[in-house]
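Novice: Here's a sequence, model it:
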Amino acid sequence: MQKTVFLFGMAFASIGVAHAAPPHVHGEAHLEITLEDKRLVMTLEAPLEVALGFERAPDTAEEKQKAAALTEQLRHPEQLFTLDPAAQCVFAATGIESPVLAEKHAGHAHEEHAHEDPHEDHEHAGRAHQAEEAHHDLRAQFQATCQKPEVLHGVDILLFKTFPRLSRLRAAFAGPKGQRAGELDARHPRFSW
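Specialist: Okay, the predicted model is just below:
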């Protein structure tokens, strides 16, 4: 088992050369897929602009509502990806990483603690404000358990319908059937291996 994990890690690392630290390109996202035994893990990385239309902390009530709706969408991967039914896969967990979508994100992060030096507080506030204005990314990880992983031959990507700003998805797979990489768009939303 450890040897298999190591081999998958090495295989995925070689795919990761092209995808390690994907560039921040508007309209583009990256999906890395690993399959080991019955465990399927899909990791999506994209600029928040693709999903929200903006990449900074939400300011208005409408933007906050959009961010909350996106967080809720990401908690339902079965609405974002369709797996081969014969594989009998069930999504089990979702992890979301984004400073903008953090559930306790409210206002400025610097308000959570006090500083004794007023100059330090001003500098920290400036850095916090710059972080809020930065171009943020989204990273979401979806895990599923498949009863018949040997018949899992691909995934249909529904993200193009969910996120109309998404124009291109670069996908990479590592599993018992080897490695594969490809590029998808709204006209070709299926990634097969």
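
Novice: can we go C-alpha only for contacts and neighbour counts from here?
Specialist: Noted.

Novice: Quick one: residues in contact with stretch 88-100.
Specialist: Under the contact criterion CA atoms under 8 Å, 6 or more residues apart in numbering, stretch 88-100 has outside partners 55-58, 67, 71, 74-75, 77-78, 83, 105, 132, 136-149.

Novice: repeat that for 7 Å
Specialist: 56-57, 75, 137-148 (CA atoms under 7 Å, 6 or more residues apart in numbering).

Novice: likewise stretch 29-44?
Specialist: Here stretch 29-44 has contacts from 45-46, 139-147, 149, 168-175, using CA under 7 Å, 6+ apart.

Novice: repeat for stretch 153-162
Specialist: For stretch 153-162, the external contacting residues (CA under 7 Å, 6+ apart) are 80-84, 166, 186, 189-193.

Novice: In CSV, list those residues along with distance to His153 and neighbour count.
Specialist: Shown next, in CSV, are those (distance: CA to CA, whole Å; neighbours: other CA atoms under 10 Å):
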residue, distance to His153, neighbour count
Leu80, 17, 17
Phe81, 13, 17
Thr82, 11, 15
Leu83, 8, 19
Asp84, 7, 17
Leu166, 24, 21
Ala186, 20, 16
Pro189, 14, 19
Arg190, 10, 18
Phe191, 9, 20
Ser192, 6, 14
Trp193, 5, 16
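
Novice: Between which two of the residues you listed is the distance greatest?
Specialist: Asp84 and Leu166 (23.1 Å; CA to CA).

Novice: Okay, Val151 and Leu83: tell me how far apart.
Specialist: 10 Å (CA to CA, to the nearest Å).

Novice: quick revisit: from the contacts of stretch 88-100, list just the buried residues.
Specialist: Neighbour counting with 16 or more other CA atoms under 10 Å marks 56-57, 75, 137-147 as buried within these.

Novice: picking that back up, inside strands: which ones of the contacts of stretch 88-100?
Specialist: Of the contacts of stretch 88-100, the ones assigned to strands by DSSP state E are 137-146.

Novice: how about low-confidence regions in this structure?
Specialist: 1-26, 102-135 (pLDDT under 70).

Novice: mind listing the strands for it?
Specialist: Under DSSP E, the chain gives strands at 28-36, 39-47, 81-83, 89-97, 137-146, 154-157, 168-175, 178-184, 190-192.
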